[in-house]
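> When you get a sec, could you give me coordinates for this:
(4 chains)
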Protein chains: 2
Amino acid sequence: MSGYAPSEAARRSGFSLDTLRYYEKIGLLADVDRTAGGQRVFTDDDLGWLELFRCLRDTGMPIAQMRRYAQLAREGEHTADERCELLQHHAVRVEEQMDLLQRQYEHLREKIRYYERLPGPSSS
Amino acid sequence: MSGYAPSEAARRSGFSLDTLRYYEKIGLLADVDRTAGGQRVFTDDDLGWLELFRCLRDTGMPIAQMRRYAQLAREGEHTADERCELLQHHAVRVEEQMDLLQRQYEHLREKIRYYERLPGPSSS
DNA sequence: CTCCAACCTGGAGCGCGCTCCAGGTCAAGC
DNA sequence: GCTTGACCTGGAGCGCGCTCCAGGTTGGAG
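Below you'll find the predicted structure:
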């Protein structure tokens, strides 16, 4: 109970098969287990990583940085500090991103209000 | 007073010269005024458009959709409804985007808290 | 009048993050 | 044992939004 076929891993993670293979190829996902015949078998641990990658990706972290994080994690406990700093640094970027998005969203709403104040074509 | 050289327009809008030319080339920015010699002269109106484009771009609207909006605006008042719908539709996307960003930001913070609870290397 | 920085054009190139493809292999069900 | 659908590989291709380039023109300062 913790061995998933590629299609199942794709379903659970929300990434496409191609993306899963791509992530392994570029060294984001460390060597995934294989059957005797060479087909991938994803573990719960792999799925955990994928969940993290989704979080980081959705918040705009570049792949190169995710890879750095993953490599540090593989190097062991002594990189915990650096990993933490990396995430903290990223969190600041995300905050800036949220601020900007919020501000521009308000501009957008203002623009929409302008249109909504115009008399509509079907106003009697 | 309301005629800006390309470099000045770039400075004011925050877009690069190349991007301004690109936006005109693809029909986002409608034909910009020129001097007798062919050099661009941006108006306050152009700068207004650029401000809108920045808002839409920062909120993730694809260029194709911005171009559609700009073209509708050029077609006249009778497209106001469609333009408004386009912006409203976009606003919904932006709200979704903000929700997702917020959720993932919280995951990120949680992850960071995990690291911060670890004993640091210099803890006495 | 001369100079030179700013500008022009068309078109090629790039960085990112996948996505698709051909040609072959694996393995579960009948 | 055979079939068939899921899987494998390396590598090419794509869509987006710029960005850069070569080679030439413009136009304000001195």
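
> OK, now which residue of chain A is nearest to DNA strand C?
For chain A, the residue closest to DNA strand C is A:G37, as judged by C-beta to the nearest atom of the strand, at 2.4 Å. Heads up, the C-betas are built off the backbone N, CA and C, glycines and all.

> measure that residue to DNA strand D for me?
With distances taken as C-beta to the nearest atom of the strand, to the nearest Å, A:G37 is found 8 Å from DNA strand D.

> ok, and that residue, which helix or strand is that part of?
Using DSSP states H and E, A:G37 falls within no helix or strand.

> Can you give me the neighbour number for it?
Here the count is done by other C-beta atoms under 10 Å in any protein chain shown, and A:G37 has 5 residues near it.

> Quick check, pLDDT for it.
Listed pLDDT for A:G37 reads 95.

> From A:Y22, how far out is it?
For A:G37, the distance to A:Y22 (C-beta to C-beta, to the nearest Å) stands at 21 Å.

> Any residues of chain A in contact with chain B? List them.
A:52, A:54-56, A:58-59, A:78, A:80-81, A:83-84, A:87-88, A:90-91, A:94-95, A:97-98, A:100-102, A:104-105, A:107-109, A:111-112, A:115-116, A:118, A:120-121 (C-beta under 8 Å from any C-beta of the partner chain).

> Tell me which residues touch A:Q104, please.
Counting by C-beta atoms under 8 Å, 6 or more residues apart in numbering or on different chains, A:Q104 makes contact with B:R54, B:C55, B:D58, B:T59, B:V94.

> please redo it, this time with the cut-off set to 10 Å
B:R54, B:C55, B:L56, B:R57, B:D58, B:T59, B:G60, B:V94 (C-beta atoms under 10 Å, 6 or more residues apart in numbering or on different chains).

> What backbone torsions are found at A:F42?
phi -90, psi 140 (degrees, to the nearest 10).

> what kind of secondary structure is the residue lying closest to it once chain neighbours are set aside in?
Distances taken as C-beta to C-beta, 6 or more residues apart in numbering or on different chains put A:A9 closest to A:F42, at 3.8 Å, once the chain neighbours are dropped. Secondary structure state of A:A9, per DSSP: H, G, I helix; E, B strand; the rest coil, is helix.

> Could you list the residues of chain A in contact with DNA strand C?
A:16, A:18-19, A:21-22, A:35-39, A:57, A:62-64 (C-beta under 7 Å from any atom of the strand).
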